[in-house]
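Undergrad: Sequence and predicted model, in that order:
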Amino acid sequence: MSSSNPPWVSAWKKHLDGKEKDPQYNVYALSTLSTEGLPKVRHVIHRDLTPSNIFVITTDMRMQKSSHLSHNPAMEIAWWLDPAGVQFRISGKAFPLPNQSTPEGSTRVEDALRQLRTQGEDSDPSWWEKERKRVWKEGMSGHLRASFARPPPGKPLDEVPEPDTWPTRLDAESDDPDEKKQIEVALKNFALVAIQVDAFEYLELAETPNRRTQWTRQDDGSWEERKVAP
Ligand SMILES: Cc1cc2nc3c(=O)[nH]c(=O)nc-3n(C[C@H](O)[C@H](O)[C@H](O)COP(=O)(O)O)c2cc1C
């Protein structure tokens, strides 16, 4: 990363470097607004921080968070690192980035990239498709991959096939025609979500006295720092 990184990146790296796959560090709560404007929150797994300092998670395009964010990209994250006694609170905008093999998917990714403040290789739609395939292959268990080929999340159980007929695991790739078909279906639903940070709060509860630092992005792209009482 370049020396022009936002100031919050070093606080984030100080605690996350080398621990990005550790379940005590890589889960956070993501809140979105429903189409009725109501707050909705759920836990997700951190996947990556891109060269332009965009956070990445994965999701299923059929889930509610995808429709919430398509309607209103505003979101907030509360990220508690228990072993470190640290909370990050991050607000900004998030954009689902689906499969780009359809005109609709590729338009969505292009629209999102126009709104994201990317500067490097992650400004290119092909970087995101490569990243989506990388996470599919390297970051997901067979069980998790199969969830993208199961019935739509949230659908009443009496409207979907019996659970004992659902796929239980999927390889990342396959030569078996049936599994290949299921992988195709799953990859249509499997999406990344790109999260742009507009404000970052760093709360240090392991320090005495506790410390709370806030960074807010300014219109000119600089970051204003405020240290406040915890
Ligand atoms: C520890 C944990 C990690 C999770 N990780 C993810 C994730 O990375 N992406 C995701 O879409 N859902 C994840 N989930 C499931 C969500 O919390 C939620 O149940 C699901 O995404 C449906 O939410 P929605 O209908 O609001 O979109 C996770 C749940 C838990 C408990």
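TA: Yep, it's here.
Undergrad: And the contacts of stretch 132-148?
TA: The contact list for stretch 132-148 (Cβ atoms under 8 Å, 6 or more residues apart in numbering) reads 47-48, 56, 58, 60, 97, 99, 166-173, 182-183, 185-187, 189-192. Any C-beta I mention is one placed from the backbone N, CA and C, and that applies to glycine too.
Undergrad: now, which of those lie close to the ligand?
TA: Under the cut-off given by Cβ under 6 Å from any ligand atom, the ligand has Thr58 from those close to it.
Undergrad: which among the contacts of stretch 132-148 end up buried?
TA: Among the contacts of stretch 132-148, those buried by neighbour count (16 or more other Cβ atoms under 10 Å) are 47-48, 56, 58, 60, 97, 99, 167, 170, 172, 182-183, 186-187, 189-192.
Undergrad: all strands for the chain, in order.
TA: Listed from the start of the chain, the chain has strands (DSSP state E) covering 27-33, 39-45, 48-49, 55-60, 74-81, 86-97, 190-204, 211-217, 223-228.
Undergrad: Would you mind putting these into JSON lines with mean pLDDT alongside?
TA: Rendered in JSON lines, the data for these read as follows (pLDDT from 0 to 100):
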{"stretch": "strand 27-33", "mean pLDDT": "98"}
{"stretch": "strand 39-45", "mean pLDDT": "98"}
{"stretch": "strand 48-49", "mean pLDDT": "96"}
{"stretch": "strand 55-60", "mean pLDDT": "98"}
{"stretch": "strand 74-81", "mean pLDDT": "98"}
{"stretch": "strand 86-97", "mean pLDDT": "98"}
{"stretch": "strand 190-204", "mean pLDDT": "98"}
{"stretch": "strand 211-217", "mean pLDDT": "98"}
{"stretch": "strand 223-228", "mean pLDDT": "98"}
